[in-house]
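*Asks:* here is the input, now give the coordinates:
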Amino acid sequence: MKSLGENANAEPMLQNAEAATSAQNNRSKKRKTMKRTLTTLIAAAFVALGAPAFAGAIVITGAGATFPYPIYGKWAHAYNRLTGVKLNYQSIGSGGGIKQIKAGTVDFGASDAPLKPEELDKFGLAQFPMIMGGVCPVVNLKGIAANQLRLTPRVLADIFLGRIRKWNDPAIAAANPGARLPRRGITVVHRADGSGTTWIFTDYLSKVSPEWKKRVGVGKAVSWPVGVGGKGNEGVAAFVRRIRGAIGYVEYAYALQNRMATVRIQNRSGSFVAPAADSFQAAAAGADWERAPGFYMVLTDQPGEKSWPITGASFILMHKKQAKPSKAREILKFWDWCYRHGAQAALELNYVPMPEKVAQLAEAMWAEKIRGVNGERIWPAN
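*Replies:* Numbering: from 1, shown residues only. Coordinates of the predicted model:
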């Protein structure tokens, strides 16, 4: 089982640069852990969870999205100190988490790409949103600070389509008057694994670029026109930091903790907005979760002058029929604690906590749909 905090391996696909790719691979293998604040924090948290603070401690297993990995680590560490319950979470991407929960090899799956109601029913799954946040482009350009570079939706799509290949391209210069843009070539970095972060990002690109929608489309894994692949948010962040002229996309906490240069994106209202908790909240403000069947909700390209256009939610997947009701109850008690007591920790990492009303809707669903194999009620816990 993959340990949390382990450095992700990348699967390079750099065009016309096989020698450079090989060198990047070698450096990647030598670095087994990322030496930045984020990985150190989370690794320490989950190492602590390995210590038996309570006799006969319950161990909850989960797998999936890297998008919520930082906040799940922080919540798990705090909850372990209170209760002794441990969380063993594999940060392997949404695609892997969906596969594992469908196969029943983990107690819960985590995905940033919500499953549609018909797929939930097919596999006997229940789904509920746990946290919201933003996916943001990050760049490695000498002399370009965080949120200094401005990109329009069309330019962003054209970069990832491979149509724009130089940083001093006139289309980029038009949105950045007076900026000293380098003549350096652009290296696109994308996810190499099945990823909900990719699903959010490609959903956005499909909404703003008809060519992207036609040529590439939306998915947890897509056929990328150009670029090099990194595994997990960690892998993408590592590649962007190492390659001058690179652009990639990561969950905001990874950009923040790794001190990466994020960019401003023009939203539907025409405003160039920076990624931040308040712009994620602005995008999520109009979400009508009560009318979303199976909590299926997509938050990209939302209206609003302050809305960050690449906002998304991360979801938990559990089987409706639980062979071990007592274990399932402990899992739900953990998520209940996160809803009720995890907001401040989420805000500190620039996530958007779920509103109380959404938590109430989720827990009502638990009471109705998550039962023992004989139909016995699991929630409420008391």
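
*Asks:* residue 143 touches residue 180, doesn't it?
*Replies:* Yes. With contacts counted by CB atoms under 8 Å, residue 143 reaches residue 180, the gap being 6.5 Å. C-beta: built from backbone N, CA, C; applies to glycine.

*Asks:* ok, residue 373 - contacts?
*Replies:* Taking CB atoms under 8 Å, 6 or more residues apart in numbering, we find residue 373 in contact with 321-323.

*Asks:* list the buried ones in whichever strand or helix holds residue 282?
*Replies:* Assigned by DSSP states H and E, residue 282 belongs to helix 277-284. For helix 277-284, burial by neighbour count (16 or more other CB atoms under 10 Å) applies to 277, 279-284.

*Asks:* relative to residue 242, how far out is the closest residue to residue 248 other than its chain neighbours?
*Replies:* Leaving aside its chain neighbours, residue 248 sits nearest to residue 189 (3.5 Å; criterion: CB to CB, 6 or more residues apart in numbering). According to CB to CB, to the nearest Å, residue 189 stands 10 Å off from residue 242.

*Asks:* compare those two (neighbour count), which wins?
*Replies:* residue 189 (31 against 16; other CB atoms under 10 Å).

*Asks:* on the strand side of things, show who the more buried one bridges to.
*Replies:* Listed by DSSP bridges, the beta-bridge partners for residue 189 are residue 228.

*Asks:* OK, contacts around it?
*Replies:* Here residue 189 is in contact with 227-230, 236, 239-240, 243, 246-248 (CB under 8 Å, 6+ apart).

*Asks:* hang on, residue 273 packs against residue 267?
*Replies:* Yes. With contact defined as CB under 8 Å, residue 273 counts as touching residue 267 (5.5 Å).

*Asks:* overlap in contacts of these two?
*Replies:* 307-309.

*Asks:* and those residues, which is closest to residue 212?
*Replies:* When the shared contacts of residue 273 and residue 267 are compared for distance to residue 212 (CB to CB), residue 309 wins out at 14.0 Å.

*Asks:* hang on, the earlier thing: so which of the contacts of residue 373 are in strands?
*Replies:* 321-322 (DSSP state E).

*Asks:* let's have the contacts of residue 373 in JSON lines, adding pLDDT and neighbour count.
*Replies:* Below are those laid out as JSON lines (pLDDT from 0 to 100; neighbours: other CB atoms under 10 Å):
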{"residue": "321", "pLDDT": "97", "neighbour count": "16"}
{"residue": "322", "pLDDT": "97", "neighbour count": "20"}
{"residue": "323", "pLDDT": "96", "neighbour count": "10"}
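
*Asks:* dump the contacts of residue 373 into CSV; add distance to residue 260 as well.
*Replies:* As requested, these are arranged in CSV below (distance: CB to CB, whole Å):
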residue, distance to residue 260
321, 43
322, 41
323, 43
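
*Asks:* what is the burial count for residue 145?
*Replies:* Counted with other CB under 10 Å, residue 145 comes out at 9.

*Asks:* pull out the buried residues from stretch 252-263.
*Replies:* 252-258, 260-263.

*Asks:* can you list the low-confidence ranges for the stretch 101-250 of the chain?
*Replies:* For the stretch 101-250 of the chain, applying pLDDT under 70 flags no range at all.

*Asks:* tell me where it has helices.
*Replies:* 117-123, 153-161, 170-174, 196-208, 210-215, 232-242 (DSSP state H, counting those that start in this stretch).

*Asks:* what of the stretch 251-382 of the chain?
*Replies:* Under DSSP H, counting those that start in this stretch, the stretch 251-382 of the chain gives helices at 252-257, 277-284, 325-341, 343-348, 356-369.

*Asks:* other SSEs contacting the last one?
*Replies:* It stands for helix 356-369. Other helices and strands packing on helix 356-369, by 3 or more CB pairs under 8 Å, 6 or more residues apart in numbering; DSSP states H and E, are strand 125-139, helix 325-341.

*Asks:* next, the angle from the shortest one to helix 356-369.
*Replies:* The reference is to strand 125-139. Angle of strand 125-139 versus helix 356-369, following axes from the mean of the first three to the mean of the last three CA atoms, to 10 degrees, is 140 degrees.

*Asks:* which non-adjacent residue is nearest residue 146?
*Replies:* Using CB to CB, 6+ apart and skipping the chain neighbours, the partner closest in space to residue 146 is residue 261 (4.8 Å).

*Asks:* quick one: pLDDT of that neighbour?
*Replies:* In this model, residue 261 is scored at 97, pLDDT.
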